[in-house]
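Novice: Give me coordinates for this.
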Amino acid sequence: MESNKKYWKGLEEYKNTPDFVENNKNEFAEPLPIEDVLNEAGLSTVTPRRDFLKALGFGLGAVTLAACQTAPVHKSIPYVIRPEEVVPGIPNYYVSSFNGQSVLVKTREGRPIKIDANPNSGVFSTGTDAQAQASVLDLYDVSKLHGPVLKDDEKVAWAKIDEFVKGELNKAQASGKKIRLVSSSVNSPSTKAVIADFTTAYPNTKHVQYDAVSYTGIIKANENSFGKAVVPQYRFDKADLIVSFGADFLSTWISGEEFTSQYVANRNHKSLKAGKMSRHFQFEAGMSVTGTNADTRVPVKLSEEGPALITLYNTITGNNLAGAALPNNVTADKAIKLVAKELLQNKGKALVVSGSNDVSTQILVNAINSAIGSYGTTIDLDNPCKRYAGNDAEFAEFINEMNRGEVAAVFILNANPGYDVANTKAFADALAKVALKVSFSDRKDETSSLCDVIAVNHNYLESWGDASAYEGNYSIIQPTINPVFNTRQAEESLLIWSDNAVKDYFQYVRNNWEKNILPLFGKTWKEVLQTGVFIAAAKPAGAYNFNLSLAAVIPTILNNSKSLAKDIELQVYESAAMRDGRHGNNAFLLELPDPVSKVTWDNYIAIAPKFAEKLGYKEFDIVSVKAANGYTVDLPVLIQPGQAQGTASIALGFGRTMTGKAGNNVGKNAYPFVSFSNGTSKYATTVQLTGTGRREELAQTQTHHSFEGRNIIREATFTEYKKNPAAGSGNDHAKHKTYDLWPEYEKPGNNWVMAIDLNACTGCGSCIVACNVENNIPVVGKDEVRKRREMHWIRIDRYYSFNVEADAHADAAHGDHGTGINAVTKEKEIAHLDNLDNVSVVHQPMLCQHCDHAPCETVCPVLATVHSSDGLNHMAYNRCVGTRYCANNCPYKVRRFNWFNYWNDSRFDNYLNNEFTQLVLNPDVTARSRGVMEKCSMCIQRIQAGKLTAKMEKRPLKDGDIKMACQQACSANAIIFGDANDPESEVSKALRSERIYYVLEEINVQPGIGYMTKIRNTDTTVQA
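Specialist: A predicted model of the protein is given here:
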């Protein structure tokens, strides 16, 4: 069955703009810098022949003389006593934890170089998010302080710090004033115990927790509804029907990597094979990662979310609460009523979630979930998530306490309120009234620069500690390297300042585990250091009933909606890459393309195409965004298909001013758009836009490579799939005969191939960062990305689509019958803009396809790229002379050219242009130099390591022994790698699926990577 959809990567491709045509018809976006190279040698392209020969002769003579000189001496210092556990060339692995997830840390000769999920970690055992993958770079950040700071003295000793802080604490205690320890949510049992001991020593102490992106609304709503002040454990794997109102649960909401694993379990190739697939509705204003993966996505304004939820509740329960009307969004109103009927049909197997931080809204969501029997099945309040415990009202009161002069000392741990609270000036002014201000930051940031003392904390890879992300889930944190600088763990500082009997934090953690945690499992300290995590049996999940009256919450919801229904409704949200901004100096994350917009190194204001047309703005126009509180910021416009009309979106996590070389002044700070009302932070407001007359091109990666409208994506509905598993794949009809120019070669040993499930890939980008870290891929910066010079070996192409029939109506209305995607004229454009509100999205990972008939191999004049006997396309870097013929001849556009020595060029000091940061490099992978082509090697170093391990253990290689970096990082298990010669391997089974197709298989390059069709569950189950 032929697809009835058209696909495009971006609006420039959809409209076939002149710039797009010009950029994509050229062999290369940028010419070789021949003039620059010759100028460096004192020549030019018009140098006379005699002068050229003179210079050439001098150059040869200089090289000959230089060769006679003594080579530079690099001294190698051997181990006097080699550590028993360190064997040069062999990695060591340690268990640790990152943001509550148990991880495995790979070290080489004492250097941590890679992070992966701990396979023992239960709900977190499959993959990691991009932040975990990139976190290893933070260890080697040159922007960090090298020691403690006391009133701008960066050479002070720790003893002096301790003397000063203890003296001030004693003064505070004697004065009777308050001591406040402010932090982000703490889920570490040992850290909580340290804070409790500190509070015992100084009884005026109170621990105030707040989160830059708050979940107080959910916590307070559950406290009001059920007497449990917790974030529940959501079970998307147990839900046959999922309905989300603005909750980006596959990316940034609560626990994206965990929810992704659960969500995909009911939608991947194994689930489809069993005839099962969940159904997902998404109602939201801005296009989110979760929205791009929904079966049905309905754009709604922020002011419409409250009435939509009231409508849903009324339809499910038969009640008649006020405010259930969506007069200006008939599509959403119809969808809500359909969803209500399907929820009733799926009682006990459905889940409704909301991304709102409003308590009243979350109470209404609780009532809906109670009515459909979610508690005890898809929502677990008895084994809650412990990642978030922030209280917005307590933090607001803390600022009031400082303003009243009641606080004598403030300690700030793992938080940056000088940057990420709504009113940073109010916080700074209040903090100035406190006598003792101590930050545990690792650098002079927006908050620590306001403090008297910076008691520099360890990086988590240098630390001891623990975490408990869920009830009964305990994981350990252990150091993988000695402290690089003169830092000290924050908990140890608190132990010293409170004169605790145990001042060594390692011993404190061990004592706490041996007394309180290990007896629960009957395990030893040595065992926890080996396994990393212990998980207790879950308590039975209770089926809680909602018995409160909604009379008090409905007016609040309607007032919130009314306050937004004016001007332009602005949503501020967490960026998938930068999150809340705490990793603002991490170059891997700054250059990670946003999963939806594909923008790097910036934030922007996203507006719907039709709304932008109405306002008179074009893409990249800089507009002044002014909020009701007076905060104004200038941002470039991004035209975003799927954005709700009358709304705009801006990402948080940008606009840092004191984070480091890479992250300073990247984007603009959106936190001042956040407001505080009814006890919680609100992430929706109204703004006014004013044109500035300026323009700034964003550094996007999406349309740097185009497939010229060819059939790249294949998809079908779940109903079609059940009738014919090959639906949409092209495997259900005869294929044309192919002819080969090359003879077939046997692969008697291994035949390495890959399968990618488009139904599992959510587009999160974790695989991109994992590949960067594993393969020493350079970061090139904003200007180079604009020039189409990004170096990522794997990219995730995002394709928009809608039905051809819908587009044909717009064509016919303007006298055009079937001229296709590249024929959208100005006269038809307005009609087409309506379709762009309701686009579907598909994410497709694209990397070197390791073709058996690879077109790159036939055009390389120096045989730098060749085929191996086990099915891989190799690159011999030392042979490559940089002709770039291979990149021109690659139909998938997955080859990258090194325009510079990125690791040794002062123009790229945001990444590897220093010896310290170069410690993150993987010694098993060559760092490429200028003029060399590179691309995905299918982690050949991992393949060789797996073979050697099997050889040393005198056994055959087993399926699963070798995992690619991208595969290991994927929470969705969308990537399957293995040996096609093993018929029982997972990849062989996957490639035998009826859903498998090969991208551009019609040109017969015989790619080694198969894709499984995208399946959407769009057919209603409601009976007429």
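Novice: does residue 763 really touch residue 292, like I thought?
Specialist: Yes. Residue 763 is in contact with residue 292 according to Cβ atoms under 8 Å; the separation is 6.3 Å. To be clear about C-beta, it is placed using only N, CA and C from the backbone, and glycine gets the same treatment.
Novice: Spit out the residues that contact those two alike.
Specialist: 595, 596, 798, 841, 843 (Cβ atoms under 8 Å, 6 or more residues apart in numbering).
Novice: Can you say which helix or strand has residue 344 in it?
Specialist: Using DSSP states H and E, residue 344 sits within helix 330-345.
Novice: so where's the stretch 51-200 of the chain shaky on pLDDT?
Specialist: The model of the stretch 51-200 of the chain has pLDDT under 70 over residues 51-79.
Novice: any idea where the strands of it begin and end?
Specialist: Here the stretch 51-200 of the chain has its strands, by DSSP state E, counting those that start in this stretch, at 92-98, 101-108, 111-117, 149-150, 178-183.
Novice: Compare those strands and report which one is nearest to residue 281.
Specialist: When the strands of the stretch 51-200 of the chain are compared by Cβ to Cβ, strand 101-108 sits nearest residue 281, at 28.6 Å.
Novice: count of residues packed around the nearest residue to residue 333 once chain neighbours are set aside?
Specialist: Distance criterion Cβ to Cβ, 6 or more residues apart in numbering; nearest residue to residue 333, sequence neighbours excluded, is residue 326 at 4.2 Å. Counted with other Cβ atoms under 10 Å, the neighbours of residue 326 add up to 19.
Novice: list the contacts for residue 326?
Specialist: The neighbourhood of residue 326, defined by Cβ under 8 Å, 6+ apart, consists of 300, 304, 307, 308, 311, 332, 333, 336.
Novice: same check, this time on residue 361
Specialist: 217, 221, 305, 306, 309, 354, 553, 557, 560.
Novice: Filter these down to the ones in helices?
Specialist: Residues of those located in helices (DSSP state H): 217, 221, 305, 306, 309, 553, 557, 560.
Novice: my read: residue 956 touches residue 947, true?
Specialist: No. Residue 956 lies out of contact with residue 947 (Cβ under 8 Å); the separation is 10.3 Å.
Novice: Those two: who's more crowded?
Specialist: Taking neighbours as other Cβ under 10 Å, residue 956 and residue 947 compare with residue 947 leading, 16 against 9.
Novice: Not counting its own residues, what contacts whatever helix or strand the more buried one lives in?
Specialist: In this assignment (DSSP H and E), residue 947 forms part of helix 940-952. With Cβ under 8 Å, 6+ apart as the test, helix 940-952 has contacts from 752, 774, 872, 874, 922, 924-925, 956-958, 961-965.
Novice: which secondary structure elements does the next helix or strand after that helix contact?
Specialist: Toward the C-terminal end, the helix or strand that comes next after helix 940-952 (DSSP H and E) is helix 965-969. Helices and strands touching helix 965-969, as assessed by 3 or more Cβ pairs under 8 Å, 6 or more residues apart in numbering; DSSP states H and E, comprise strand 111-117, helix 766-774, strand 975-979.
Novice: I'd like the average pLDDT over the second one.
Specialist: In this case it means helix 766-774. What helix 766-774 shows for mean pLDDT is 95.
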